[in-house]
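Trainee: What shape does this take:
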Amino acid sequence: MGNPVLKTVCFWPGWDRVVDIYIERKNEISENLNDDDTCKIILLEKGEIQAESLGESFKIKSPALLMLSNKDRIEIREYKKVKITTVYFKPSVIREEFEYEKIAANDYTKDQSKTIFHDYYLIVLFFENFSFENRIFDLSLNEFNKIRELIGNMEKQLSLQEDGFWPCRSRSFLMELLYFISYSCTENPLLYNREQETNDDFANIVKFLNEHINENISLDRLTKEFSINRNKLNELFLSETSLTCLNYLTKIRIDLAKIMLANTEITVSEVAQRVGYPDSNYFARTFKKQTGSSPTEYRRNGRNNA
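Mentor: Numbers count the residues shown, from 1 in each chain. As a prediction, the model looks like this:
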């Protein structure tokens with residue numbers, strides 16, 4: 001049975017609001033890892049774990065990420081000096097169509113709304129038929145720090161509830177976290193359906209772009225960071241994506257903005273800031289150029305975008 005504690009209840013007087021996200025920090029293994037009502041993003045910050053699932057054993061060393069669906073079952077055989085942060089959530093906090101029964105009955109193919117399919121990127125790794133081993137991800141220091149930052153931002157919204165936007169804002173940080181995991185830490189099969197292997201330099205630069213998506217990223221910064229000239233940088237991205245490096249950066253920023261706009265009510269200016277556009281007017285022009293709609297129009301059309 002699901003644990004009724006694994007959600008956040010609004011403490012504002014007169015607000016009967018529940019958000020199906022809960023963050024737990026422990027120095028031991030939680031009794032909630034096999035909760036059958038939530039998905040789990042488990043960040044192993046310190047220590048190591050010996051785990052078993054479906055008869056297979058795995059050793060997980062920090063820093064690492066483990067992603068479990070509501071149906072995954074894991075047995076912890078041994079653990080040493082662990083520090084674990086777990087985000088429990090229901091997929092329906094991303095969009096209401098993502099109820100467990102609907103996910104089980106529908107594969108969210110491209111024949112459906114492109115918006116739904118795009119949002120399904122965020123949770124596909126929890127529900128596709130992957131082995132337990134493919135749900136474990138070793139993290140670089142930068143990936144670990146970015147994930148910890150996003151969880152911290154989410155936790156602040158859930159615990160302080162400073163204004164009426166806290167439910168949307170906490171959900172938006174969950175979406176941003178899942179987006180980062182899908183595009184940076186993993187080889188999401190919906191995103192990386194390639195016959196050839198990805199160039200290592202390209203993969204490292206893409207990770208950097210996702211880790212710093214809300215910052216000012218220029219070609220000069222990238223050429224210095226990766227000791228590569230502009231022509232070589234753009235040749236690399238054109239070969240891998242058919243886009244220049246900065247056009248690719250624009251694409252991933254707008255993709256993240258579309259998720260936030262379609263599924264939350266946080267302001268357009270805040271969305272702009274979160275995806276690296278301090279000037280919301282410039283963001284609006286860029287968004288319209290990329291999508292054919294203004295941010296406000298895209299939000300208004302919402303789930304009907306196709």
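
Trainee: Tell me where this protein has helices.
Mentor: With DSSP state H as the criterion, the chain has helices at 100-105, 114-120, 124-127, 141-160, 166-180, 200-211, 219-226, 230-241, 245-263, 268-274, 280-291, 295-301.

Trainee: Out of the ones you listed, indicate the one that is most buried.
Mentor: For these, the largest average neighbour count (mean count of other C-beta atoms under 10 Å) is found in helix 166-180, namely a mean of 23. C-beta here means a position set from N, CA and C on the backbone, and glycine is covered the same way.

Trainee: tell me which strands and helices it is in contact with?
Mentor: Helices and strands touching helix 166-180, by 3 or more C-beta pairs under 8 Å, 6 or more residues apart in numbering; DSSP states H and E, are strand 18-19, strand 21-26, strand 75-89, helix 141-160, helix 245-263, helix 268-274.

Trainee: among the ones you listed, which is nearest Phe202?
Mentor: helix 245-263 (9.6 Å; C-beta to C-beta).

Trainee: Let me see the mean pLDDT of that closest one.
Mentor: Here helix 245-263 scores 95 as its mean pLDDT.

Trainee: Any stretches of the stretch 201-306 of the chain with poor pLDDT?
Mentor: For the stretch 201-306 of the chain, the stretches with pLDDT under 70 are 302-306.

Trainee: care to break the chain down by domain?
Mentor: 8-165+177-185, 200-304 (automatic domain parsing).

Trainee: got those domains as JSON lines, with distance to Arg171 columns?
Mentor: As requested, the domains of the chain are arranged in JSON lines below (distance: least, C-beta to C-beta, whole Å):
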{"stretch": "domain 8-165+177-185", "distance to Arg171": "5"}
{"stretch": "domain 200-304", "distance to Arg171": "6"}
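
Trainee: Residues touching stretch 268-275, excluding its own?
Mentor: 169, 172, 176, 213-214, 253-254, 256-257, 260-261, 278-280, 283-284, 295-296, 299 (C-beta atoms under 8 Å, 6 or more residues apart in numbering).

Trainee: quick one: low-confidence ranges for the stretch 1-150 of the chain?
Mentor: 1-2, 107-114, 129-130.

Trainee: coming back round to it: adding distance to Val5, write the helices of the chain out as CSV.
Mentor: CSV is the format used below for the helices of the chain (distance: least, C-beta to C-beta, whole Å):
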stretch, distance to Val5
helix 100-105, 19
helix 114-120, 27
helix 124-127, 21
helix 141-160, 13
helix 166-180, 17
helix 200-211, 32
helix 219-226, 44
helix 230-241, 44
helix 245-263, 25
helix 268-274, 29
helix 280-291, 39
helix 295-301, 33
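
Trainee: To Ser92, which of those lies closest?
Mentor: helix 100-105 (8.3 Å).
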